[in-house]
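Student: Structure here, sequence nowhere to be found:
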């Protein structure tokens with residue numbers, strides 16, 4: 001019995017389908033994470049905080065000053081007032097850094113998702129364009145910065161302490177992390193299916 005030690009050739013069609021599926025799946029997950037307000041939550045308590053801001057389902061028991069929903073900027077202002085009331089003004093969170101990171105995360109989520117969708121669709125329709133700039137390049141750059149901003153958003157959230165000691169990372173943040181890593185892999189895979197330029201010289 002003979003052994004065939006020759007490597008099995010890759011199927012470009014299946015590889016393209018896998019890259020497209022990963023890209024579209026990552027984009028869908030990023031869009032969901034973009035609108036979610038439960039990156040951080042209080043466990044069994046019905047409230048959450050995401051890049052879009054605060055949400056509370058406790059009705060009349062929602063904190064005065066935040067209510068049922070609030071933007072990231074209002075959350076910071078609320079926490080700064082709490083720190084002042086506790087006489088700890090020197091430990092107050094920055095009034096601009098957290099909102100900036102939150103809105104940067106929102107924007108990068110949108111850019112990353114649209115770039116991945118554009119790369120996936122064009123890969124299916126004949127090849128990913130490279131001019132003026134490839135959507136895969138935009139996706140990679142935005143995903144790398146998105147990963148940094150998303151981690152900063154969680155690490156610098158102003159709800160630490162002062163009655164919010166039960167705050168913890170919830171599953172939408174883990175979905176965000178997985179979607180970002182899968183998106184980076186998908187963008188690199190899709191970049192191999194470039195559109196052929198008829199004016200390009202080949203040797």
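Tutor: Yep, that arrived. Since the structure is predicted, the reported quantities are computational estimates derived from the model, not experimental observations.

Student: hey, let's count contacts and neighbours off CA atoms from now on
Tutor: Fine.

Student: low-confidence ranges in the chain?
Tutor: 1-10, 43, 91, 160-166, 197-203 (pLDDT under 70).

Student: can you give me the helices in it?
Tutor: Using DSSP state H, the helices of the chain run over residues 12-35, 72-85, 97-124, 135-155, 171-190.

Student: For those helices, give me JSON lines that also has distance to residue 50 and mean neighbour count.
Tutor: As requested, the helices of the chain are exported to JSON lines (distance: least, CA to CA, whole Å; neighbours: other CA atoms under 10 Å):
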{"stretch": "helix 12-35", "distance to residue 50": "8", "mean neighbour count": "19"}
{"stretch": "helix 72-85", "distance to residue 50": "8", "mean neighbour count": "18"}
{"stretch": "helix 97-124", "distance to residue 50": "8", "mean neighbour count": "22"}
{"stretch": "helix 135-155", "distance to residue 50": "9", "mean neighbour count": "20"}
{"stretch": "helix 171-190", "distance to residue 50": "9", "mean neighbour count": "20"}
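
Student: Tell me which of those helices lies nearest to residue 56.
Tutor: Closest of these to residue 56 is helix 72-85, at 12.1 Å (criterion: CA to CA).

Student: Run the angle between the closest one and helix 97-124 for me.
Tutor: 160 degrees (axes from the mean of the first three to the mean of the last three CA atoms, to 10 degrees).

Student: In terms of secondary structure, what does helix 72-85 contact?
Tutor: With contacts taken as 3 or more CA pairs under 8 Å, 6 or more residues apart in numbering; DSSP states H and E, helix 72-85 sits against strand 53-56, helix 97-124.

Student: Distance to residue 70 added to those, as CSV?
Tutor: Formatted as CSV, the helices and strands packed on helix 72-85 follow (distance: least, CA to CA, whole Å):
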stretch, distance to residue 70
strand 53-56, 5
helix 97-124, 12
